[in-house]
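S.K.: give me coordinates for this.
(one chain, ligands or ions: 1)
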Amino acid sequence: MDDSFLSDLGIRKGGLHSGVSHGSFLEQPGGEVVESVSPATGEIIAKVRQASVQEYEEVVKKAREVFLEWRMVPAPERGAIVREIGDAFRAKKESLGKLVSLEMGKIAAEGMGEVQEVIDMCDFAVGLSRQLYGLSMHSERPHHRMYEQWHPLGVVGVITAFNFPVAVWGWNAMIAAVCGDVVLWKPSHSTPLTSIAAQRIADEVLARHGFQGVMNLVIGRSRDVGEALLADRRVPLVSATGSCRMGRHVGKVVAERLGRTLLELGGNNAVLVMDDADPDLVVRAVLFGAVGTAGQRCTSTRRLILQKGIAPEITRRLVEAYKQVKVGNPLEEGVLMGPLINELAVEQMMAALEEAKKQGGEILYGGNKLTGGEYDKGFFVEPTIVKARKDMAITREETFAPVLYVFEVEDLEEAVEIQNSVDQGLSSSIFTTNLLSAETFLSHKGSDCGIANVNLGTSGAEIGGAFGGEKDTGGGREAGSDAWKAYMRRQTCTINWGKDLPLAQGIHFGD
Ligand code: UN1
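M.R.: Alright, predicted model coming up:
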């Protein structure tokens, strides 16, 4: 493999890298060394020295100082710097996309798509830097004026997962930066090199402008560094992506100190297909949604709910399509599905399939771990389709793997009932050419998810919309629309420009 992309990103193959940066990387952080392992080949790409709690302390202290300066920079000027960060990511798109593939296992096209998401976020944030609007209100009192304004919040903790090792940081970091906040990033220990490479790109631009430390990186163990971050009153907002279990813990610890959280947790996303749907669109969308990123997106399609008239055709064509999926090294041309992230993920998928069979599910395609040849070195599985019934409890759990449960229903009402019967509420979609069905799905008696699509799949959202979901997905919204408001504090201001002191609600007090 040509690994010049690693040197392009400053990563030395087999080398030992620092996992802590407050604008420039610390020489010798005091935490344990972690290995970055390619899930496709089992090879150690490089090693990373993590932060101890002591370095975490140092970084937060400095971040807090940088915040006091950064918040005084006019927002459009902050935006201009973020524009340069976007340009720097453009220049490294291919290299960083390949590193994402190598370290996380998604195919190169998706790795590059993820870097594009960071670039798009930079562009969005630049525009936003001139649009951090507050409202003005009419006061009920004479000679009074009321308005609201948005102030920077402080140091924002960003905890990201392995599956989107750079895009989700981009959603948070670019918005936080234009809002005048300072970012403290704790990435997944499974993808340390991607975060180091991304941090280095941002560091270089920020240093050029004398703003080292607006973005900070702390790779560290959850049980000490992570806990320190959650409990830290100097961090007013923690934005966390991960499992529902992890989110419950984050929510509890941060709420205990009355801090804010922005949670993007599990999904159990369904595609509903009505008899009047266009089958070509369905097959392509479900393939991308269920097999893309080896089913390891929060938005991956996990349930396919088919109206009974179209069910045989869709099932047959989907099985045909699955047969064509080439599973292998994600950096190889023609491969559509890479490995899972680690052995545990493979075991969890196999355990879920055992459970599905016990509960009455029937495997229509796949179901196995892949072995032999190059497969023995990595964590490869077959993409899998399971014919399911709605009473199967396993279908209500999120298994982070390419498992698609297929249901058959009578009508839209039953389809929506199954779709909403799970604890998670991230993404959903319907395929129909009937306006009434589409609008019912989008209405308040339709999908209960944060994302609801018509005639496209559940995954692959654009950054322009607010991203996130309801129920156990955590309720947070990131990226586009007005998600920026979570990263600022709102201040309501009333000004009296008269010579009297009228009270609100018409109260007379001692006069
Ligand atoms: C995630 O899996 O955490 O909508 C994020 C999508 C991507 C983001 C997924 N743009 O599938």
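S.K.: state the pLDDT value of Asp511.
M.R.: Looking at Asp511, its pLDDT stands at 81.
S.K.: ok, now which ones touch Gly30?
M.R.: 51-52, 54-55 (C-beta atoms under 8 Å, 6 or more residues apart in numbering). For the C-beta atoms, the positions are set from N, CA and C on the backbone; glycine is no exception.
S.K.: do you know how far it is from the ligand?
M.R.: Using C-beta to the nearest ligand atom, to the nearest Å, we find Gly30 at a distance of 31 Å from the ligand.
S.K.: pLDDT below threshold where in the chain?
M.R.: Residue ranges of the chain with pLDDT under 70: 1.
S.K.: ok, longest helix in it?
M.R.: Secondary structure of the chain per DSSP state H: the longest helix is helix 108-128.
S.K.: same for that helix, what does it pack against?
M.R.: Contacts defined by 3 or more C-beta pairs under 8 Å, 6 or more residues apart in numbering; DSSP states H and E place helix 108-128 against helix 75-91, helix 93-104, helix 167-178.
S.K.: could you tell me the angle between the last one and helix 75-91?
M.R.: For the pair helix 167-178 and helix 75-91, the angle between their directions (axes from the mean of the first three to the mean of the last three C-alpha atoms, to 10 degrees) equals 150 degrees.
S.K.: mind giving me the packing neighbours of helix 167-178?
M.R.: Helix 167-178 packs on helix 75-91, helix 108-128, strand 155-159, strand 182-186, helix 192-208, strand 478-479, going by 3+ C-beta pairs under 8 Å, 6+ apart.
S.K.: toward the C-terminus, what is the element adjacent to the shortest one?
M.R.: This means strand 478-479. Sequence-wise, the next helix or strand downstream of strand 478-479 (DSSP states H and E) is strand 488-496.
S.K.: which residues does that next one contact?
M.R.: The contact list for strand 488-496, computed with C-beta under 8 Å, 6+ apart, reads 132, 134, 139, 141, 143-153, 179-181, 236.
S.K.: hmm, try it at 6 Å
M.R.: With C-beta atoms under 6 Å, 6 or more residues apart in numbering as the test, strand 488-496 has contacts from 144-151, 153, 179.
S.K.: please name the residues that touch the residue of the stretch 301-450 of the chain found nearest the ligand.
M.R.: Nearest to the ligand, among the residues of the stretch 301-450 of the chain, is Ser427, at 7.2 Å (C-beta to the nearest ligand atom). When contacts are counted by C-beta under 6 Å, 6+ apart, Ser427 touches 267, 269, 299, 449, 451, 458.
S.K.: among the residues you listed, which are in strands?
M.R.: Secondary structure defined by DSSP state E assigns 269, 451 of these to strands.
S.K.: farthest pair within the contacts of Ser427?
M.R.: Thr299 and Cys449 (10.0 Å; C-beta to C-beta).
S.K.: more neighbours: these two, which one.
M.R.: For Thr299 and Cys449, the more surrounded residue by other C-beta atoms under 10 Å is Cys449, and the numbers stand at 26 against 22.
S.K.: now that one. Nearest residue, chain neighbours left out?
M.R.: Ser428 (4.2 Å; C-beta to C-beta, 6 or more residues apart in numbering).
S.K.: and the one you found, that's in a helix?
M.R.: No: according to DSSP: H, G, I helix; E, B strand; the rest coil, Ser428 belongs to no helix; its state is strand.
S.K.: in the stretch 201-350 of the chain, which spans are helices?
M.R.: 227-231, 244-256, 279-291, 311-323, 343-358 (DSSP state H, counting those that start in this stretch).
S.K.: same list, the ones you listed, but as JSON lines with distance to Gly334 and mean neighbour count please.
M.R.: Shown next, in JSON lines, are these (distance: least, C-beta to C-beta, whole Å; neighbours: other C-beta atoms under 10 Å):
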{"stretch": "helix 227-231", "distance to Gly334": "42", "mean neighbour count": "20"}
{"stretch": "helix 244-256", "distance to Gly334": "35", "mean neighbour count": "17"}
{"stretch": "helix 279-291", "distance to Gly334": "14", "mean neighbour count": "20"}
{"stretch": "helix 311-323", "distance to Gly334": "15", "mean neighbour count": "16"}
{"stretch": "helix 343-358", "distance to Gly334": "23", "mean neighbour count": "17"}
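S.K.: what's the closest of these to Pro187?
M.R.: Judging the helices of the stretch 201-350 of the chain by C-beta to C-beta, what sits closest to Pro187 is helix 227-231, at 12.2 Å.
S.K.: relative to Gln116, which of the contacts of Gly30 is nearest.
M.R.: Set against Gln116, the nearest of those by C-beta to C-beta is Ala51 (29.5 Å).
S.K.: list phi and psi for that closest one.
M.R.: Note on Ala51: its backbone torsions stand at phi -80, psi 150 [degrees, to the nearest 10].
S.K.: that one against Glu32, yeah?
M.R.: No: Ala51 is beyond contact range of Glu32, at 9.7 Å (criterion: C-beta atoms under 6 Å).
S.K.: so which of the helices and strands packed on helix 167-178 gets nearest Thr293?
M.R.: By C-beta to C-beta (comparing all of these), the closest turns out to be helix 108-128, at 5.9 Å.
S.K.: next, the buried residues of that closest one.
M.R.: Buried positions in helix 108-128, judged by neighbour count with 16 or more other C-beta atoms under 10 Å: 108, 110-122, 124-126, 128.
S.K.: near the ligand, which residues of the protein?
M.R.: 117, 163-164, 168, 241, 297-299, 459-461 (C-beta under 6 Å from any ligand atom).
S.K.: closest to the ligand among the contacts of Ser427?
M.R.: Thr299 (3.8 Å).
S.K.: the closest residue in space to that closest one that isn't next to it in sequence: neighbour count?
M.R.: Spatially, and ignoring its direct neighbours in sequence, Thr299 is nearest to Ser459 (3.8 Å; C-beta to C-beta, 6+ apart). Counted with other C-beta under 10 Å, residues neighbouring Ser459 total 24.
S.K.: would you agree Ser459 is in contact with Cys298?
M.R.: No: when contacts are counted by C-beta under 6 Å, Ser459 is not listed as touching Cys298 (8.4 Å).
S.K.: quick one: secondary structure of the single nearest residue of the stretch 101-250 of the chain relative to the ligand?
M.R.: The ligand sits closest to Phe164 of the stretch 101-250 of the chain, with a gap of 4.7 Å, by C-beta to the nearest ligand atom. Here Phe164 is coil, with the state taken from three-state DSSP.
S.K.: burial measure for it, as a count.
M.R.: The burial count for Phe164: 26, using other C-beta under 10 Å.
S.K.: oh, and call the first residue 30 from now on, that's how I've got it
M.R.: Yep, numbering from 30; the last one is Phe193 now.
S.K.: which of the contacts of Gly59 lies closest to the ligand?
M.R.: Using C-beta to the nearest ligand atom, the contacts of Gly59 come closest to the ligand at Ala80, 23.8 Å.
S.K.: just give the nearest non-adjacent residue to that closest one, would you?
M.R.: Spatially, and ignoring its direct neighbours in sequence, Ala80 is nearest to Gly249 (4.1 Å; C-beta to C-beta, 6+ apart).
S.K.: show me what contacts the one you found?
M.R.: Going by C-beta under 6 Å, 6+ apart, Gly249 touches 60, 79-80.
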